[in-house]
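Undergrad: have a look; sequence and predicted model below, questions after that.
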Amino acid sequence: MSPKEMKDKVRYYLTEIWCNHNLDVLDEVFHPDFVANSNPPSVGREAVKQSWKSGGLEALSEKKVEFPHQIVEGSLIATHIIFTGKHTGDLAGAKPTGNIITLKSIAIQRFENGLLVEGWPSPDRLGLMLQLGYKLTLEDS
């Protein structure tokens, strides 16, 4: 695959999932045995689908996704992603605020034979939780 094809494929599937709730796009783009090196790690395209389903897609409306940067080296692609949406449903235990929520992420992924076979996502979960109204406190030890 050319670097342009890799970039286009990643932008395509993320836009389809985030903006259109189209999880079937993963069947086109991900290998059945895809490995997500996340916390917790997961194996399999179906596990990736489940992760997206449980990640709050339904809790946001008016969604957009931006891709400020993408870098390709060999079979690896790094993508800087900015997800936004209006908080209109329960998300991570937080009741709807009506605020625009932004989740920034860096994802490194590896292609093999035109399909994504491995990934290392790094979403800014702390930034998301702070936007939802959670407070960061330190406990005395």
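TA: Great, that's in hand. Numbers count the residues shown, from 1 in each chain.

Undergrad: state the helix or strand in which residue 53 lies.
TA: helix 45-54 (DSSP states H and E).

Undergrad: can you mark which positions in whichever helix or strand comes after that helix are buried?
TA: Under the assignment DSSP H and E, the closest C-terminal helix or strand after helix 45-54 is strand 60-73. Going by neighbour count (16 or more other Cβ atoms under 10 Å), the buried part of strand 60-73 is 60, 63, 65, 70, 72. Bear in mind the C-beta positions are built from the backbone N, C-alpha and C, glycine included.

Undergrad: and the residues you listed as JSON lines, adding distance to residue 118?
TA: Listed next are the buried residues of strand 60-73 as JSON lines, based on distance: Cβ to Cβ, whole Å:
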{"residue": "60", "distance to residue 118": "27"}
{"residue": "63", "distance to residue 118": "26"}
{"residue": "65", "distance to residue 118": "22"}
{"residue": "70", "distance to residue 118": "17"}
{"residue": "72", "distance to residue 118": "15"}
